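# Prediction below, plus the sequence it came from.
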Amino acid sequence: MRLTGWIGDAVALRTASMGLQEARASGAVAMFGEKYGDVVRVVDVPGISSELCGGTHVENTSEIGGFKIVAEAGIAAGVRRIEAVAGPGIYDLLAARENIVKALSLSLKVQPEKLEARVASLSDEQRKLAGEVERLKGALAIARCEAAAPAAQRVLSGVSCLVLEVPEVEAAALGLAAQAMQERLGDPCAVILGSIADDKVSLVAAFSPAVVKQGLAAGKFMGPLAKLCGGGGGGKPAFAQAGGRSPEGLSAALALATEELVRTLG
């Protein structure tokens, strides 16, 4: 449909009152959710649309003037609602949007026609920086684990075990640290790390292949620890993560982890 085209074509509207069934038979479209009486008013724009409507309308399409769709949403299966601005109101809309474009151009120091490329570039930079931040968080977590590992590490029946609280490390970085420590300790080893960041608990368990063969599964091992921290989680036999909202339970969770490793390996 040439929306702006037929607006400018000045097509004359025709209205008629008729029975509801006659109107539907003629092809007139009823509005979703509206209720109609036995006699309805049909507004017809020849060759363009025919609808049931009781309101007042323009005499011909050119009176609509400018027309701009500003929103679209689904309101039922197969039914969408379109909101638009028409007539003099479109000038206010365009002026407001022009002001936004000018403000962005000044802020980003580019011409309006280059805004799209500049925003795309900034978005790409943001993704790269976010990735670098995550890498640095992981490196910091690993460094903290390495510094504390000598005092926390113990060997149970030949298995190197590390149960450690790492201060203020988010879940993703804690997972990287657990995997890194597992590689450093070698096989067989069991690594359990916990941290509190932004009042949320993160727990990670990383078991080497030889430990898994002995019957320890990180996913099952993690369940009771997570419950003590007011949360849940799980994973595979070799690696599992969990979270919770009760920071006060972390110490007990790590103590339980140590007890379970001693019970099963010692």
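That came in fine, so what should we check first? Numbers count the residues shown, from 1 in each chain.
# From Ser121, how far out is the residue most central in space within the chain?
With distances taken as Cα atoms, centre = their mean, Arg127 lies nearest the centre of the chain, 15.1 Å away. Going from Arg127 to Ser121 by Cβ to Cβ, to the nearest Å gives 11 Å. (Glycine included, C-beta is placed from N, CA and C.)
# Next: Ile82.
33 Å.
# Which residue of the two possesses the greater neighbour count?
When Ile82 is set against Ser121 and neighbours are counted by other Cβ atoms under 10 Å, the residue ahead is Ser121, at 13 against 9.
# wait, what's in contact with the more buried one?
Taking Cβ atoms under 8 Å, 6 or more residues apart in numbering, we find Ser121 in contact with no residue.
# Quick check: which element contains it?
Secondary structure here is read from DSSP states H and E; on that basis Ser121 sits in helix 115-152.
# Quick check: what element follows that helix along the chain?
Past helix 115-152, further along toward the C-terminus, the next helix or strand under DSSP H and E is strand 154-156.
# That next one - what's its average pLDDT?
Model confidence over strand 154-156, given as mean pLDDT, is 89.
# and the angle from whichever helix or strand comes after that strand to helix 115-152?
Towards the C-terminus, the helix or strand next in line after strand 154-156, according to DSSP H and E, is strand 159-165. For strand 159-165 against helix 115-152, the angle between stretch directions is 120 degrees (axes from the mean of the first three to the mean of the last three Cα atoms, to 10 degrees).
# Show me what strand 159-165 packs onto, helices and strands only.
When contacts are defined as 3 or more Cβ pairs under 8 Å, 6 or more residues apart in numbering; DSSP states H and E, strand 159-165 packs onto helix 115-152, strand 154-156, helix 171-185, strand 189-197, helix 250-265.
# Nice, that's everything, thank you.
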